[in-house]
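Novice: Let's see this in three dimensions:
(one chain, ligands or ions: 1)
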Amino acid sequence: MSVSRRAGEIKPFYVMEAVRAAAAREAAGREVFHLEVGQPATKAPALVRAAAHAAIDDDQLGYTMAKGIPELRQRIVSWYLDQYDVVVDPERIIITPGASGSCIIAFLSLFEPGARVGVLEPGYPCYRNDLSVLDIDVVDIPIGPDTGFRPTPDLLDQHLPLDGLVIASPSNPTGTVLDREQLAAVVEWAGHNDVSLIVDEIYHGITFGDVSTPSALEFAGDGASTSAGTPNTSAATSPAQITVFNSFSKYWSMTGWRLGWAVVPPGTADAFERVMANLLISAPTISQIAGVAAFDSIEECDANVERYASNRTIILDGLRAAGIDQIAPPDGAFYVWADIAHLLDPQPADPHLANEVATAGTANATPTAEEQPITNSLELCARWLDEIGVAVTPGIDFDPVRGDRFIRFSYAGDGDEIAEAMRRVAEWTAARITGGSTPSGGAS
Ligand SMILES: Cc1ncc(COP(=O)(O)O)c(C=O)c1O
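Specialist: This next block holds a predicted model:
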């Protein structure tokens, strides 16, 4: 049996491979500490669940309009007004099966095959993989510690010409956030260079301390206006074409409900709707109906964010104790992007790394001769799962060039589980660095 070139060439989504390996270990009766997947450990908000129960009893649950039910789109309009002081025309809102659905609909609606679309390295892998499967040229834009793992106009300039650019703030895998000034600068850059900008805001609502998450729509200068009725003209010298994604998966703990939305650029909604109707018909009806109640569940969702904040402290302390201290600024989402080069053997000699992080810490690393060499993060992840039952995600998912020396830790899960995982990682790294045998804590 043969498959298409596209299907043959699409890269694995390693997060899901890591999930599969962890599940296989669990099915064999062995313990797993889950830090591999960006999935809240909590249920959907109570009001959402209640609305879903009622919908099963009372509603026909047929198809909806391709754009989604008006009630939900209207609630999203109110959300932009309340949260960001931005007025969005409801016609510009398309309800999708998660931000994943928005990706495919947006990439198809906005870009020709052969268009040049920039993605950040590291960045969410499905942007790259989805663009490639659509024969759109992916332009990799490496970001690193020199810019705090954030895109800047100077950096972006080096990759012109571009037809499009995809960014996320807060970012997966780094957790970094663009503040108002930084986001406004990227929007301005996009307008100035006629680049269609896609901003994935799926982790909005999950930030720590005094970090806040402006929406790119605040800087659009494209007809959206503030509640005071003044057009948003911060970047209006040449307004950027902006598409924003959001989703109920993260802040609202609704990954499996497959519900998200896109705010599409003015004048493109009909095209987006046609693409949506043909490819997917509509997002799951029960989720759309129940999703309306999500906006009345802020207290419950904010309590989850407090739990992430506590998990974040646990993981940052645990990583430091394990000698893993070269990390991107973990401002938001629930991830830590950590350099683990000092745990590899031999040290990677990669010309891309000349100015990169993680030279610090390498001096201590003296893996013993008895150890199997671990030459990249994929192997390290496999070893941790096998030897200590800790599941994490290898960096190559997010950065095919330099990801070999990075691991993404998710702290969306249970705090006690994260604490025990960190204890095991610290024990493992101590044993590896001092040359003792690595512990086999995950045997149960
Ligand atoms: C940055 C980012 N965008 C999009 C998605 C897809 O999310 P969903 O389709 O569940 O809304 C994810 C999932 O982890 C993500 O991290």
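Novice: the strands in the protein, which residues?
Specialist: Secondary structure of the chain (DSSP state E): strands located at 33-34, 86-87, 93-96, 116-121, 137-142, 164-168, 196-200, 225-226, 242-247, 260-263, 335-339, 390-391, 393-394, 406-410.
Novice: Of the ones you listed, which is nearest A54?
Specialist: Proximity of the strands of the chain to A54 was assessed by CB to CB; the nearest stretch is strand 93-96, lying at 19.3 Å. To be clear about C-beta, it is placed using only N, CA and C from the backbone, and glycine gets the same treatment.
Novice: Compile the strands of the chain into JSON lines and extend it with columns for mean pLDDT and mean neighbour count.
Specialist: Below are these laid out as JSON lines (pLDDT from 0 to 100; neighbours: other CB atoms under 10 Å):
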{"stretch": "strand 33-34", "mean pLDDT": "94", "mean neighbour count": "25"}
{"stretch": "strand 86-87", "mean pLDDT": "96", "mean neighbour count": "21"}
{"stretch": "strand 93-96", "mean pLDDT": "98", "mean neighbour count": "28"}
{"stretch": "strand 116-121", "mean pLDDT": "98", "mean neighbour count": "23"}
{"stretch": "strand 137-142", "mean pLDDT": "98", "mean neighbour count": "17"}
{"stretch": "strand 164-168", "mean pLDDT": "98", "mean neighbour count": "25"}
{"stretch": "strand 196-200", "mean pLDDT": "98", "mean neighbour count": "26"}
{"stretch": "strand 225-226", "mean pLDDT": "54", "mean neighbour count": "16"}
{"stretch": "strand 242-247", "mean pLDDT": "98", "mean neighbour count": "26"}
{"stretch": "strand 260-263", "mean pLDDT": "98", "mean neighbour count": "28"}
{"stretch": "strand 335-339", "mean pLDDT": "97", "mean neighbour count": "26"}
{"stretch": "strand 390-391", "mean pLDDT": "96", "mean neighbour count": "26"}
{"stretch": "strand 393-394", "mean pLDDT": "93", "mean neighbour count": "28"}
{"stretch": "strand 406-410", "mean pLDDT": "97", "mean neighbour count": "27"}
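Novice: a markdown table for the ones you listed, including distance to G209?
Specialist: Shown next, in a markdown table, are those (distance: least, CB to CB, whole Å):
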| stretch | distance to G209 |
| --- | --- |
| strand 33-34 | 26 |
| strand 86-87 | 24 |
| strand 93-96 | 31 |
| strand 116-121 | 23 |
| strand 137-142 | 27 |
| strand 164-168 | 20 |
| strand 196-200 | 22 |
| strand 225-226 | 26 |
| strand 242-247 | 22 |
| strand 260-263 | 27 |
| strand 335-339 | 15 |
| strand 390-391 | 27 |
| strand 393-394 | 25 |
| strand 406-410 | 19 |
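Novice: For the ligand, find the nearest of those.
Specialist: Closest to the ligand of the strands of the chain, according to CB to the nearest ligand atom: strand 242-247, at 3.2 Å.
Novice: list the helices and strands the closest one packs on?
Specialist: The criterion is 3 or more CB pairs under 8 Å, 6 or more residues apart in numbering; DSSP states H and E, and the helices and strands that strand 242-247 contacts are helix 98-110, strand 196-200, strand 260-263.
Novice: ok, residues contacting the shortest one?
Specialist: So that's strand 260-263. Contact with strand 260-263 is made by 68, 73, 76, 80, 88, 92-102, 105-106, 202, 217, 243-249, 272, 283, as judged by CB atoms under 8 Å, 6 or more residues apart in numbering.
Novice: again, but for the second one
Specialist: With contacts defined as CB under 8 Å, 6+ apart, strand 196-200 is touched by 99, 106, 110-111, 124, 127, 163-169, 183, 186-187, 190, 215-216, 240-245, 265.
Novice: Could you list which of the residues you listed also contact the ligand?
Specialist: A99, Y124, A168 (CB under 6 Å from any ligand atom).
Novice: circling back: R25: which of the helices and strands packed on strand 242-247 is closest?
Specialist: helix 98-110 (26.0 Å).
Novice: what about that closest one, average pLDDT?
Specialist: Across helix 98-110, pLDDT averages out at 98.
Novice: what number of residues lie near V3?
Specialist: When neighbours are counted by other CB atoms under 10 Å, V3 registers 9.
Novice: Taking this structure, what residue is nearest to the ligand?
Specialist: G98 (2.6 Å).
Novice: For that residue, give me its contacts.
Specialist: Neighbour list for G98: S247, F248, S249, T255, R258, L259, G260 [criterion: CB under 8 Å, 6+ apart].
Novice: what's around the second one, how many residues?
Specialist: Spelled out, that is F248. F248 has 27 nearby residues by other CB under 10 Å.
Novice: hang on, isn't it packed against W257?
Specialist: Yes. Counting by CB atoms under 8 Å, W257 is a contact partner of F248 at 6.1 Å.
Novice: what do these two both touch?
Specialist: Shared contacts of F248 and W257 (CB under 8 Å, 6+ apart): S287, G291.
Novice: Can you tell me, leaving aside adjacent residues, what's nearest to L155?
Specialist: Nearest non-adjacent residue to L155, counting by CB to CB, 6 or more residues apart in numbering: T147, 6.0 Å away.
Novice: Please tell me how far the one you found sits from A328.
Specialist: Distance of T147 to A328, given as CB to CB, to the nearest Å: 11 Å.
Novice: which of those two has more neighbours?
Specialist: Higher neighbour count among T147 and A328: A328, with 25 against 13, using other CB under 10 Å.
Novice: Spit out the contact partners of the more buried one.
Specialist: A328 sits in contact with P145, G148, F149, T174, G175, T176, V336, W337, where contact means CB under 8 Å, 6+ apart.
Novice: Thought P329 was touching the fourth one, still the case?
Specialist: Yes. Because the distance of 7.5 Å satisfies CB under 8 Å, T174 is recorded as touching P329.
Novice: In terms of neighbours, single out the busier of those two.
Specialist: T174 (29 against 17).
Novice: Give me the pLDDT for that one.
Specialist: So T174 comes in at 97 (pLDDT).
Novice: repeat for A18
Specialist: So, for A18, pLDDT stands at 81.
Novice: For the closest residue to it other than its chain neighbours, give me phi and psi.
Specialist: With sequence-adjacent residues excluded and distances taken as CB to CB, 6+ apart, A18 is closest to E36, at 4.2 Å. E36 has phi and psi values of phi -100, psi -30 when expressed as degrees, to the nearest 10.
Novice: can I assume E36 is in contact with T393?
Specialist: Yes. Using CB under 8 Å, E36 is in contact with T393, at 5.0 Å.
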